[in-house]
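**Q** give me a model of this one.
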Amino acid sequence: MNYKDIIAELHSKANPKNVKGMQRFGIQGDNILGISIVELRKIAKHIGKNHDLACRLWDSRIHEARLLAAFIDDPAQVHEKQMDLWVKDFNSWDICDQVCSGLFDKTPYSFSKAKEWSGAEQEFIRRAGFALMAALSVHDKKAHDKQFIKFFPIIIKYAVDERNFVKKAVNWALRQIGKRNKTLNIQAIKTAEDIIKLHPKSSSARWIARDALRELKSDQVRKRLLKKSKPRSSNTEGYNTEG
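**A** Predicted coordinates:
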């Protein structure tokens, strides 16, 4: 499929009723067609990976075309300048989260951008920083604990941001990092407790910390982390097997 065909197909699938529903869920911006993520992923699968096409779709400024761009872009070809340009265009939480958790988190710049963007004043750029932290904690299986531990002071610092889309992302990052393994769970719980101590007057900080503590201390999370921490058993031939 070429660019013109894709744009034409997107317009053919436009659903004005869905647009109103999306707006009720806080999905904002211009040029929204009302196409579901499920449908967009079907189109993306048909297109395949295509970096140049992804960049053209992003430049269209159509909401769904930008989501599609994130689905078909090749992380290996994404450069730092592109990331900085795209993040400035973020105007909705779904664009922010889909790009960060489906594309940017797979680039070599992901950890550095998480730190950099979390310090930005713009609401969706700051959200992008914390969305990257959350995505990395789930998707980057090879990252070391120390890389995530460096995020905790940043989480504490910006827990006072009262903007809805920021505070939810800070909370998301804290919870996801704390569910990665037992060591980080302990550190995340301590971070949440520190947030309450250091920011007692901030309603955002209290919500972020208390909500995170409920999940991180839950039996469900503790049982899952305990299971993950158990050493693999060995079979009779001496090879490790999954427990």
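
**Q** where in this structure is pLDDT low?
**A** Where the chain drops to pLDDT under 70, the residues are 231-243.

**Q** how is it carved up into domains?
**A** Under the assignment automatic domain parsing, the domains of the chain span 1-73, 94-228.

**Q** span of the shortest one from start to end?
**A** Chord length of domain 1-73, first to last residue, is 14 Å (C-alpha to C-alpha, to the nearest Å).

**Q** in stretch 180-188, what counts as buried?
**A** Neighbour-count burial for stretch 180-188 flags 180-181, 184-185, 187-188 (criterion: 16 or more other C-beta atoms under 10 Å). Quick note: C-beta positions are derived from backbone N, CA and C, even for glycine.

**Q** nearest to H79, of the domains of the chain?
**A** domain 94-228 (8.3 Å; C-beta to C-beta).

**Q** give me the contact list for stretch 198-213.
**A** 156, 159-162, 167, 170-171, 174-175, 178, 188-189, 192-193, 195-196 (C-beta atoms under 8 Å, 6 or more residues apart in numbering).

**Q** can you list the buried residues in it?
**A** Neighbour-count burial for stretch 198-213 flags 199, 202, 204-205, 207-209, 211-213 (criterion: 16+ other C-beta under 10 Å).

**Q** helix or strand next in line after the one helix or strand N171 maps to, which one?
**A** Element membership of N171 [criterion: DSSP states H and E] is helix 164-178. Going down the chain from helix 164-178, the next helix or strand is helix 182-198, by DSSP H and E.

**Q** helix or strand right after that next one?
**A** Heading C-terminal from helix 182-198 (DSSP H and E), you reach helix 203-216.

**Q** just the angle between that next one and helix 164-178, please?
**A** Put simply, helix 203-216 runs at 30 degrees to helix 164-178, going by axes from the mean of the first three to the mean of the last three C-alpha atoms, to 10 degrees.

**Q** ok, residues contacting the helix or strand just after helix 203-216?
**A** Following helix 203-216 in sequence order, the next helix or strand is helix 219-229 (DSSP H and E). Helix 219-229 is contacted from outside by 178-179, 181-182, 185, 215, using C-beta under 8 Å, 6+ apart.

**Q** can you redo those residues as a markdown table with distance to K42?
**A** Formatted as a markdown table, these follow (distance: C-beta to C-beta, whole Å):
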| residue | distance to K42 |
| --- | --- |
| G178 | 34 |
| K179 | 30 |
| N181 | 35 |
| K182 | 39 |
| N185 | 37 |
| E215 | 32 |
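
**Q** which among the contacts of stretch 198-213 end up buried?
**A** 156, 159-161, 167, 170-171, 174-175, 178, 188-189, 192, 195-196.

**Q** biggest separation within these, which pair?
**A** By the measure C-beta to C-beta, D161 and I189 form the most distant pair in the buried ones among the contacts of stretch 198-213, at 21.2 Å.

**Q** any idea how far V19 lies from E9?
**A** 17 Å (C-beta to C-beta, to the nearest Å).

**Q** count of residues packed around K4?
**A** For K4, the count of nearby residues is 8 (other C-beta atoms under 10 Å).
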